[in-house]
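In: Provide a 3D model corresponding to the input given below.
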Amino acid sequence: MTTSLNLPAPVLEPVCDLAVTIAAPVEVGATPQGLRRMIPITGGMVTPAPGHSTTRPAVQGRIIPGGADFQLIVGGTSAQLDARYVIELMDGSRVFVQNTALRFASADATGRLLRGEKVDPAEVYFRCQPRFETAAPQWSWLMESQFIGTGVRLPDAVHMRFFRVA
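Out: Predicted structure coming up:
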């Protein structure tokens, strides 16, 4: 049996921009799964993304120091990322973020990233899937939708834009 469904295509709504500051990587080393490392998160800012929805509160605040991005570099070109950190919003509410990502680049570009050198964002595929958790009722909408994002890795920071999938 076949049915013809008229399903709407997802629409991406800009939510917020993150400028995450980071410290030098802590190398675990080459494990059987790949190169394991941890990047300490030292802080950062969260601002509303251009074109963000005006029907929900604007996501704006700071990233509390103390989070980390746990990375597994596989095959010298692919990075599986698992970042966990807390955002403190302007109203004092706190939001836990778990952001998994895939970063893929050529061996040359990956080598430059690992050495902390600047790499043209056009050379790197960097997409993420942030999930949010909060006790603040006014921010519960962050737990009631799917989000995706795009990012760029700089020598001392990571910049991302998060989108709500409508």
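
In: tell me which helix or strand in this protein has the weakest average pLDDT.
Out: One helix or strand of the chain scores below all others by mean pLDDT, DSSP states H and E: helix 107-114, with a mean of 84.

In: which residues does it contact?
Out: Applying CB atoms under 8 Å, 6 or more residues apart in numbering, the contact partners of helix 107-114 are 25, 35, 73, 76-77, 79, 103, 105, 118-119, 123-124, 153. To be clear about C-beta, it is placed using only N, CA and C from the backbone, and glycine gets the same treatment.

In: got it, and stretch 152-162?
Out: Taking CB under 8 Å, 6+ apart as the rule, stretch 152-162 contacts 14-22, 44, 49, 59, 69, 99, 103, 113, 116-119, 121, 124, 126, 128, 130, 147-151.

In: buried ones among the contacts of helix 107-114?
Out: 35, 73, 79, 103, 105, 119, 124, 153 (16 or more other CB atoms under 10 Å).

In: so can I have TSV of those residues showing secondary structure and distance to L89?
Out: Output for the buried ones among the contacts of helix 107-114, formatted as TSV (DSSP: H, G, I helix; E, B strand; the rest coil; distance: CB to CB, whole Å):
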residue	secondary structure	distance to L89
L35	strand	35
I73	strand	33
A79	strand	29
R103	strand	27
A105	strand	33
V119	coil	31
V124	strand	29
R153	strand	25
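
In: from those, which is closest to T3?
Out: Ranked by distance to T3 (CB to CB), the buried ones among the contacts of helix 107-114 are led by R103 at 38.9 Å.

In: identify the bridge partners of the closest one.
Out: Assessed by DSSP bridges, R103 has beta-bridge partners A79, F126.

In: right, and it touches T77 too?
Out: No: assessed by CB atoms under 8 Å, R103 is found out of contact with T77, at 9.4 Å.
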